[in-house]
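Enquirer: give me coordinates for this.
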Amino acid sequence: MTRLRVRPSLALGALSLLVAGAGCSLTVDLSGYAGGDDAAADASDTALDTTLEDTPLDGGDDTLDATPPPDTLGEGGGDADGSLDASDAADAADAADTHDAADASDAADAHDASVDATSDATSDATSDATSDATSDATSDATSDATSDAISDAADASDSRADASDAADAADAGPCATVRNVGLSEIMIRTISGTGDTHEWFELTNYDATCTFDVGGLRVQTQSWSTTSLAFINKDSATVPAGIKLAPGASLVFADLKATFLADASSYVTTYGLDTSLIIDLNFSFGDLFVNGADNVVDVYYPGATLPSESTTVKARGMTWPAVGRSFEFPASCDPTLRLLAGSPVTTSVHWVDTTSVAAEQYGAIATVAAYGTPGRKNDLPTACP
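Expert: Just a heads-up that it's a prediction; the model follows:
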């Protein structure tokens, strides 16, 4: 039961108030206040009991009793702000929550935007880097492959050029120019008189290291004419292209190659002479040399227009060797001693007649033994005279 006291300040007469609620009613009788008498009002207040019968609204909890009524008449009997403050606080809290939620949402959005931006930037950077790397790798690979192919082609070309250069260098090197090739032995007479087709002479490569291409080397022989009192040309010949002459090897120039090979058939076989190094003079002007006269052998190296070596064979101013013996420069002597400088250049005193020993017999001409070492080393004497 709830007791309600109402003090009106105006003569309102009888006033009935109906408070509607869930199972409750309120009736107020204000008739005693018509005159505005405070004492009567007080008496009436004392006598006035208003019974409020209420049915619990919330399972027996009388929430209305705990909540003072609002002071609708302005006398301060109840504080209407009490429930409003709680509601306002709740509203403020809700507003704050809403605001905070909005802030949180904004912060989350901002964070998400930042994350998205970072993620996008990272993703873009990664994608760009991957794309660039792939593109660069592909480009580099293509470029490198092309460059390598060009470089390889250039290397192959360089290799061919190097090989060609090496060949050219060999051709243009220290052994490219013929030198130190000169007269080493001469067979002036194999028979007495004229018409001697068995004559020959020899040139030796005295260079210690070089094999020369002597193709194009030319020889010219001359003999002193007692009639014209001058040297007249005799036989000549040019070495065929491609003929190589190793250090210590010799070329043999025969007045008639066929005759020489017939004379020295056993010798050629025994010593294994290279017959390509036997050059045919073809008996162009009869006897290669004139017996008893001064004879000259001119040697023109390939391309030369003047004799590279011109040797006058005087037999040391003495009589000629005996018939069937050659006149030679011994291999036991230093090559620099071979010629005697002067005008003309002559054979030096170190030249000797071959001896009549079996080791130096190269053939037989008719019934006469022929001694000499054509196409091979002049072994005797063993000491330089």
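Enquirer: and the nearest residue to S225 once chain neighbours are set aside, bridged to which residues?
Expert: Spatial nearest neighbour of S225, excluding adjacent residues (Cβ to Cβ, 6 or more residues apart in numbering): I232 at 5.0 Å. From N, CA and C alone the C-beta is placed, and that goes for glycine too. For I232, the beta-bridge partners are S223 (DSSP bridges).
Enquirer: how near is I232 to T194?
Expert: Distance of I232 to T194, given as Cβ to Cβ, to the nearest Å: 14 Å.
Enquirer: so which of the two has more stuff around it?
Expert: I232 (13 against 10; other Cβ atoms under 10 Å).
Enquirer: so A359, which of the three states?
Expert: helix (DSSP: H, G, I helix; E, B strand; the rest coil).
Enquirer: that one reaches D379, doesn't it?
Expert: Yes. Taking Cβ atoms under 8 Å as the definition, A359 is a contact partner of D379 at 7.3 Å.
Enquirer: more neighbours: which of those two?
Expert: Shown here are A359 and D379; by other Cβ under 10 Å, D379 has more neighbours (13 against 10).
Enquirer: check for me that T190 belongs to a strand.
Expert: No. T190 is assigned coil when assessed by three-state DSSP, not a strand.
Enquirer: which residues does it contact?
Expert: D196, H198, E199, V323, G324, I365, V368, A370 (Cβ atoms under 8 Å, 6 or more residues apart in numbering).
Enquirer: which residues touch the third one?
Expert: For E199, the residues meeting the contact criterion (Cβ under 8 Å, 6+ apart) are M187, I188, R189, T190, A254, D255, D287, L288, F289.
Enquirer: any idea how far V214 is from the fifth one?
Expert: Think A254. 16 Å.
Enquirer: out of those two, which sits in the more crowded spot?
Expert: Neighbours were counted for A254 and for V214 using other Cβ under 10 Å; A254 has more, 28 against 23.
Enquirer: doesn't F260 make contact with that one?
Expert: Yes. With contact defined as Cβ under 8 Å, A254 reaches F260; the gap is 3.7 Å.
Enquirer: identify the contacts common to those two.
Expert: In contact with both A254 and F260: W200, I278, using Cβ under 8 Å, 6+ apart.
Enquirer: strands paired with the helix or strand hosting E185, and their directions?
Expert: If you go by DSSP states H and E, E185 is part of strand 181-187. Sheet pairing of strand 181-187 (DSSP bridges) gives strand 200-205 (antiparallel), strand 327-328 (antiparallel).
Enquirer: now those strands in CSV, with mean neighbour count?
Expert: CSV is the format used below for the strands paired with strand 181-187 (neighbours: other Cβ atoms under 10 Å):
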stretch, mean neighbour count
strand 200-205, 26
strand 327-328, 22
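Enquirer: quick check: which of those strands is nearest to G303?
Expert: Among the strands paired with strand 181-187, strand 200-205 comes nearest to G303, with 16.9 Å by Cβ to Cβ.
Enquirer: ok so, going back, dump the contacts of E199 into TSV; add pLDDT as well.
Expert: Shown next, in TSV, are the contacts of E199 (pLDDT from 0 to 100):
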residue	pLDDT
M187	93
I188	89
R189	87
T190	87
A254	96
D255	93
D287	81
L288	86
F289	87
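Enquirer: pick out the most distant pair among those residues.
Expert: Maximum distance among the contacts of E199 (Cβ to Cβ): 14.5 Å, for R189 and A254.
Enquirer: now K257: how far from I278?
Expert: Relative to I278, and taking Cβ to Cβ, K257 is found at 6 Å.
Enquirer: G248 now?
Expert: G248 is 17 Å from I278, by Cβ to Cβ.
Enquirer: out of the two, which sits in the busier spot?
Expert: I278 (20 against 13).
Enquirer: beta partners for that one?
Expert: I278 has these beta-bridge partners by DSSP bridges: V252.
Enquirer: now do the contacts for it.
Expert: Per Cβ under 8 Å, 6+ apart, neighbours of I278: L251, V252, A254, K257, F260, L261, G375.
Enquirer: surely the second one is in contact with I186?
Expert: Same thing as V252. No. Taking contacts as Cβ under 8 Å, V252 lies outside contact range of I186: 10.9 Å.
Enquirer: what is in contact with these two at once?
Expert: Contacts common to V252 and I186, judged by Cβ under 8 Å, 6+ apart, are W200, F201, E202.
Enquirer: so which of these comes closest to G242?
Expert: When those are compared against G242 (criterion: Cβ to Cβ), the nearest one is E202, at 20.2 Å.
Enquirer: for the nearest residue to that closest one once chain neighbours are set aside, list each beta-bridge partner.
Expert: Excluding its sequence neighbours, the residue lying closest to E202 (Cβ to Cβ, 6+ apart) is E185, at 4.1 Å. Legend: beta-bridge partners of E185 under DSSP bridges are E202, E328.
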